[in-house]
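>>> coords below, sequence missing:
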């Protein structure tokens, strides 16, 4: 009977997966900026876990759209020969914080991304793809069927009536479910290491104790929503795609496309990027909401935030 072997096991701590992720970051030659500096794209990762039957996955489907996969849906699509119940699945999620030098360079930018930022967008994300494969392979080698949703052949971006466009799996939403952060005014994920990040995830047939979510609202770490202050990302956006009403994804997408020529002409490689709203702001390298930051340090929920005026 499927799943019976997992029924007898206690949840895994996930420590070996954390070690595998950060070991790969430390040792892989693919972790590179692909320039003369020889510096890596990433130094370390924050890692979290979410249960495959967490009600939040259904909330995403209802909020984002019916096209958004639950962990069980993408796992079943890719591993029909190794069926599993939702409660037998875990989503392993990680956040890759931008290095200090990269953030500093992009902080000085006003219209187009700094070269280091554009390189992490292209070569750093190429490594993130390799990391997804590494984690999935590592799990499979230990008899845990796994899939990286972003690498699935049927992963796609779709038109969304509510959000202009959206994808069938979001790395930021997976990280939110795994307790790694909440969303800001510009839609970026604010984590304990800040908002200047990239993220990745893998779904596997393994039970790992889920990470605690030390927030009760998806905007808890953003000063604009928690304290009705800030909005610094509005001024940082060269595309004017951020207002007090939120993030205009279509304006943002069009501007990103415009940066390609600048990156090619100025830095000499095919790429793109922006990220100006992720640096030069209070949430660049940490959680700016003091009550939320202190609650996370204590391992407890912060007090409820007052409503916006």
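Great, that's in hand. Just so it is clear, the structure is predicted and the values come from calculations on it, not from any experiment.
>>> Next up, identify which helix or strand residue 166 is on.
When secondary structure is defined by DSSP states H and E, residue 166 falls within strand 164-167.
>>> contact partners of that strand?
Contacts of strand 164-167 from elsewhere in the structure, counted by CB atoms under 8 Å, 6 or more residues apart in numbering, are 64-65, 67-68, 155-160, 248-250, 253. Using the backbone N, CA and C atoms, a C-beta is placed for each residue, glycine as well.
>>> Please identify the buried residues of that strand?
For strand 164-167, the neighbour count (16 or more other CB atoms under 10 Å) marks 166-167 as buried.
>>> Name every strand pairing with that strand and say which way it goes.
Counting by DSSP bridges, the strands paired with strand 164-167 are strand 157-160 (antiparallel).
>>> in the chain, what spans have low per-residue confidence?
For the chain, the stretches with pLDDT under 70 are 1-10, 160-164, 304-309.
>>> Please enumerate the strands of it.
Shown for the chain, the strands assigned by DSSP state E span residues 46-51, 90-97, 146-147, 157-160, 164-167, 181-183, 189-191, 197-204, 242-243, 246-247.
>>> which stretch among these comes nearest residue 232?
Nearest to residue 232 among the strands of the chain is strand 242-243 (9.9 Å), distances taken as CB to CB.
>>> and that closest one, what does it pack onto?
helix 232-236 (3 or more CB pairs under 8 Å, 6 or more residues apart in numbering; DSSP states H and E).
>>> Please point out which parts of the helix it packs on sit buried.
When neighbours are counted by 16+ other CB under 10 Å, the buried residues of helix 232-236 are found to be 232-234, 236.
>>> Now do it: distance to the chain's middle.
Between the mean C-alpha location of helix 232-236 and the chain-wide mean there is a distance of 21 Å, by CA atoms, centre = their mean, to the nearest Å.
>>> quick one: contacts of it?
Counting by CB under 8 Å, 6+ apart, helix 232-236 makes contact with 184-186, 188, 242-244, 276-282, all of which sit outside it.
>>> wait, doesn't residue 244 sit right on residue 231?
Yes: counting by CB atoms under 8 Å, residue 244 sits close enough to residue 231 to count as a contact (6.5 Å).
>>> Spit out the residues that contact those two alike.
Taking CB under 8 Å, 6+ apart as the criterion, residue 244 and residue 231 both touch 185, 224.
>>> Looking at these two, which is more packed in?
It is residue 231, of residue 244 and residue 231, that has more neighbours when counted by other CB atoms under 10 Å, with 17 against 9.
>>> State the number of residues packed around the closest residue to residue 84 other than its chain neighbours.
Distances taken as CB to CB, 6 or more residues apart in numbering place residue 205 nearest to residue 84, at 4.6 Å, with adjacent residues excluded. The number of residues packed around residue 205, counting by other CB under 10 Å, is 25.
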